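Sequence first, predicted coordinates after that:
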Amino acid sequence: MAYKNPLYKILLIIAFTLVGGIVFSQNNKQKQLETRRQELRREIQKINELRNENQSKAKSQLSLIEDFNYKISVLSNLIKVTNQQANLLTREINANQNKISDLRDELKALKEDYAGMIVKSYKSKNQQSRIMFLLSSNNFKQAYKRLQYIKQYSDHQKKQGETIKLKTEELQLTNSRLLKQQEEKRVLISENREVQKTLEEERKQHETVMASIKKDLNKYTAQIKEKQKEADRIDDEIDRIIKAAIAKSNEKAGKPASSRSFALTAEEAVLASNFVSNKGKLPWPVERGIVRLGYGTQPHPINKSLTIKSNGVRIATEKGAIARAVFDGEVSEILKMKHVNPIVMIRHGNYLTIYKNLSEVYVKKGDKVKTKQEIGKVFTNPSNGETILSFTISKGFVTENPGSWIYKM
């Protein structure tokens, strides 16, 4: 039999080691995909909760399009991740089916070999034949070797029986795993069908709203431009304040006022270092929310010829939501502009976090704040029921993507 060949055994061990590594890698990938799938499901739940909360309010067409775009994006990602899970399960199912086939073949060969040993043992089981086998030796050395052979044969027979038992258990375990995987795949496919239906419904509603907008595109284009102009005005004022604060810190430290970065004290340098070491782990600036608008320059969802310049993220949250500091720091400014809701700026060494669109402010300039400390209440628009916090992170006056800093944003 091939499995008696030492080289075959070595190759078999290597093969099982490689297969084990692949299985571990696949299990790890499956866990990552499942974690991501659950995150997306929670995201959709938050979107639905916020929609239900504001369903009695008449949202603007622009807000509706943003809502549809975001939910369509999350649903599409959920379908993609679920398909990846189903495909990975298909590969695992195929691998287990092949493994079951191989195990059955191996068990068949083991049992045939074991049966042969049992027959052979039965034929030579009487004590007299064993004694005669020993006594017929030509010398003591040969007798000793024959005695060792009898013992080894008996041990091999026992090991063969144990191997059959272990292989049978492995086969049963693999069968159970296969049935579980097939059920998991069935559930995933069923859930994906429901998500597909929801996605199609969202797309149809999106198309209806877009058709309505296109009838009067010039009016909406003017609104978009006005909103961007207002956002630019606020960002320009924030830049002016930050540059003035940088110049003041350098002047105080006896450095050129033209420097583009803060002159840090030893304490501020430590704070900045701690802020950086927590990159990707900072808490959200609100307890519950979804990112309605991401960071960076991007085409507008209604008029692709227009661009949105976003220096931070816009987070949709629930009515009465409280804005909170994402890290220890000092309130560097409470900004109040005409026709603009209050803005809180918190400095973390040479970094700043900026919280826009507050209705109430709970801190004052110069206050030391701690991570997750409440700094104000987010404004809720009475006409459409939307509660939006605009949140920015900058190093000096150069903005950075909050998605790289906030945990799972």
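Cool, got the structure. Fair warning: this is a prediction, and the values are worked out from it, not measured in the lab. Numbers count the residues shown, from 1 in each chain.

Any figure for the gap between Gln373 and Val326?
10 Å (Cβ to Cβ, to the nearest Å). The way it works is simple: take the backbone N, C-alpha and C, and place the C-beta from them, glycine included.

Neighbour count: the two, which is higher?
Val326 (27 against 17; other Cβ atoms under 10 Å).

beta partners of the nearest residue to that one once chain neighbours are set aside?
Spatially, and ignoring its direct neighbours in sequence, Val326 is nearest to Leu282 (4.5 Å; Cβ to Cβ, 6 or more residues apart in numbering). Following DSSP bridges, Leu282 is listed with bridge partners Ile406.

isn't Leu282 right up against Tyr407?
Yes. Between Leu282 and Tyr407 there is a contact under Cβ atoms under 8 Å: 6.3 Å.

what about those two, which has more around it?
Leu282 (21 against 11).

which residues touch that one?
326-327, 405-407 (Cβ atoms under 8 Å, 6 or more residues apart in numbering).

Farthest pair within the residues you listed?
Spatial extent of those (Cβ to Cβ) is set by the pair Phe327 and Tyr407 at 11.9 Å.

Compute the distance between Ile290 and Glu39, please.
12 Å.

for Val340, same thing?
34 Å.

next one: Val270
33 Å.

ok, now Asp105?
As judged by Cβ to Cβ, Asp105 and Glu39 stand 43 Å apart.

Of these two, give the one with the bigger neighbour count.
Glu39 (14 against 10).

How about the more buried one: what's its closest non-neighbour residue?
Lys408 (6.8 Å).

for Ser212, same thing?
Closest to Ser212 by Cβ to Cβ, 6+ apart is Gln61, at 6.6 Å.

Does that neighbour touch Gln223 like I think?
No. When contacts are counted by Cβ under 8 Å, Gln61 is not listed as touching Gln223 (9.0 Å).

who touches both of these two?
By Cβ under 8 Å, 6+ apart, no residue touches both Gln61 and Gln223.

Which helix or strand lies directly C-terminal to the lengthiest strand in the chain?
Taking DSSP state E as the criterion, the chain has its longest strand at strand 387-395. Going down the chain from strand 387-395, the next helix or strand is strand 398-400, by DSSP states H and E.

Show me the contact partners of that following strand.
Contacts of strand 398-400 with the rest of the structure, by Cβ under 8 Å, 6+ apart, involve 295, 311-312, 392-394.

That one - what's its average pLDDT?
Averaged over strand 398-400, pLDDT sits at 96.

Show me which residues of that strand are buried.
Buried positions in strand 398-400, judged by neighbour count with 16 or more other Cβ atoms under 10 Å: 399-400.

Thr353 should be in a strand, yeah?
Yes. Thr353 forms part of a strand when assessed by DSSP: H, G, I helix; E, B strand; the rest coil.

Report the separation between it and Leu171.
When Thr353 is compared with Leu171 (using Cβ to Cβ), they lie 58 Å apart.

out of these two, which sits in the busier spot?
Between Thr353 and Leu171, Thr353 has the larger neighbour count (other Cβ under 10 Å), namely 25 against 17.

Residues in a beta bridge with the more buried one, which ones?
Beta-bridge pairing of Thr353 under DSSP bridges involves Ile346, Ile393.

That one reaches Ala325, doesn't it?
Yes. Here Thr353 reaches Ala325: they are 7.2 Å apart, a contact under Cβ under 8 Å.

list residues touching both of these two?
Shared contacts of Thr353 and Ala325 (Cβ under 8 Å, 6+ apart): 285, 346.

Show the contacting residues for the residue lying closest to Gln97 once chain neighbours are set aside.
Closest residue to Gln97 apart from its sequence neighbours, by Cβ to Cβ, 6+ apart: Leu178 at 6.7 Å. Neighbouring residues of Leu178 by Cβ under 8 Å, 6+ apart: 93, 96-97, 100.

I'd like to know which of the residues you listed is nearest to Leu199.
Ile93 (26.4 Å).

Give me the nearest residue to the closest one, chain neighbours excluded.
Nearest to Ile93 is Gln181, by Cβ to Cβ, 6+ apart, at 5.1 Å.

Can you identify each of the strands in the protein by residue range?
Under the criterion DSSP E, the chain contains strands at 290-293, 296-299, 307-310, 313-317, 322-324, 329-335, 343-348, 351-356, 358-361, 368-369, 374-378, 387-395, 398-400.

Now tabulate the ones you listed in CSV and tack on distance to Asn87.
Converted to CSV, the strands of the chain look like this (distance: least, Cβ to Cβ, whole Å):
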stretch, distance to Asn87
strand 290-293, 28
strand 296-299, 31
strand 307-310, 35
strand 313-317, 32
strand 322-324, 40
strand 329-335, 46
strand 343-348, 43
strand 351-356, 40
strand 358-361, 46
strand 368-369, 47
strand 374-378, 41
strand 387-395, 36
strand 398-400, 36
